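Trainee: missing the sequence, but the structure's below:
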């Protein structure tokens, strides 16, 4: 069905407030959304009077939404005009996810490196350090987007206390795509990041914390580090598992 002028005004405002841009060439029965920061798109359509659906160009896992978002069997978000607040929250979260998912961080990394002149990258060691610094910054931004700016375990939102942790370390990755893959690690508070990086903790495929038998976690250590045995990742996607498997076999001290 055709979207009325009033409906279009309300829906487009929601999308713009959430950081999306509007395709002005879309037909009258669609609102097509895009962004300058990632290649993925979204679309709002009106299947029947008073009902709308938001669909995406790629599948999004429902586990990545912690505010009760539900999708129909086609992976679409159904809503009405009285639910525009939920629509704005959803669109903002989807934009964060799209900005973080492969291969958007890799493309951003390649563009950033292209900005450096030959004079800025002259020696092999300097080049390596520049690339790693740029890559780590982009990887952290990707994880910040993916996890909504909060620790993957505790939910802490203090930005200065959060670290981008690799499950498969930067130096062990064979490609930049691996290094910048948002599924190759987690956004963790500094204490969890240090323990994860050194292999004193890991996470099961279900997200439950694994404590190394090499490091003796007595009561004082557990309290001092803020660790509890029931800690758990807020969610785990299937694409995390290959990197968790690498961490289990090559980093975790068991």
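Mentor: Alright, I've got the coordinates. The shown structure was predicted, so the numbers you read here are calculated from the model rather than taken from an experiment.
Trainee: Tell me the buried residues in stretch 25-33?
Mentor: Buried residues in stretch 25-33, counted by 16 or more other Cβ atoms under 10 Å: 26, 31-33. In short, each C-beta sits where N, CA and C put it, glycine included.
Trainee: again, but for stretch 238-248
Mentor: For stretch 238-248, the neighbour count (16+ other Cβ under 10 Å) marks 240, 243-244, 246-248 as buried.
Trainee: ok, now stretch 9-28?
Mentor: Neighbour-count burial for stretch 9-28 [16+ other Cβ under 10 Å]: 11-12, 14-15, 18-20, 22, 26.
Trainee: Of all pairs in these, which one is the farthest apart?
Mentor: Pairwise distances across those (Cβ to Cβ) peak at 18.1 Å, for the pair 19 and 26.
Trainee: on that earlier part again, can you list the buried residues of stretch 25-33 in a markdown table and add secondary structure?
Mentor: Output for those, formatted as a markdown table (DSSP: H, G, I helix; E, B strand; the rest coil):
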| residue | secondary structure |
| --- | --- |
| 26 | coil |
| 31 | strand |
| 32 | strand |
| 33 | strand |
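Trainee: Which single one of those is nearest to residue 185?
Mentor: Nearest to residue 185 among those, with distances taken as Cβ to Cβ, is residue 33, at 29.0 Å.
Trainee: isn't that closest one right next to residue 19, touching?
Mentor: No. Using Cβ atoms under 8 Å, residue 33 makes no contact with residue 19, being 9.9 Å away.
Trainee: Grab the nearest non-local neighbour of the residue most central in space within the chain.
Mentor: In the chain, the centroid-proximal residue (Cα atoms, centre = their mean) is residue 146; its distance is 1.5 Å. Leaving aside its chain neighbours, residue 146 sits nearest to residue 100 (3.8 Å; criterion: Cβ to Cβ, 6 or more residues apart in numbering).
Trainee: Mark which of the buried residues of stretch 238-248 are part of helices, please.
Mentor: Using DSSP state H, 243-244, 246-248 are the members of the buried residues of stretch 238-248 that sit in helices.
Trainee: of all those, which two lie farthest apart?
Mentor: Across those, the longest distance by Cβ to Cβ is 9.8 Å; it joins 243 and 248.
Trainee: Pull up the overlap in contacts between residue 33 and residue 19.
Mentor: Here residue 33 and residue 19 share the contacting residues residue 91, scored by Cβ atoms under 8 Å, 6 or more residues apart in numbering.
Trainee: which residues in this structure form strands?
Mentor: Per DSSP state E, the chain carries strands over the ranges 21-22, 30-34, 42-48, 51-56, 77-79, 162-166, 185-189, 201-203, 209-211.
Trainee: got the contact list for the closest residue to residue 209 other than its chain neighbours?
Mentor: Nearest residue to residue 209, sequence neighbours excluded (Cβ to Cβ, 6+ apart): residue 231, at 4.2 Å. Residue 231 makes contacts with 153-154, 208-209, as judged by Cβ under 8 Å, 6+ apart.
Trainee: same deal with residue 253?
Mentor: Taking Cβ under 8 Å, 6+ apart, we find residue 253 in contact with 198-200, 212-215.
Trainee: How about residue 57?
Mentor: By Cβ under 8 Å, 6+ apart, the neighbours of residue 57 are 40-42.
Trainee: ok, of those residues, which one's closest to residue 176?
Mentor: Minimum distance to residue 176 across the contacts of residue 57 is 20.2 Å, recorded for residue 40 (Cβ to Cβ).
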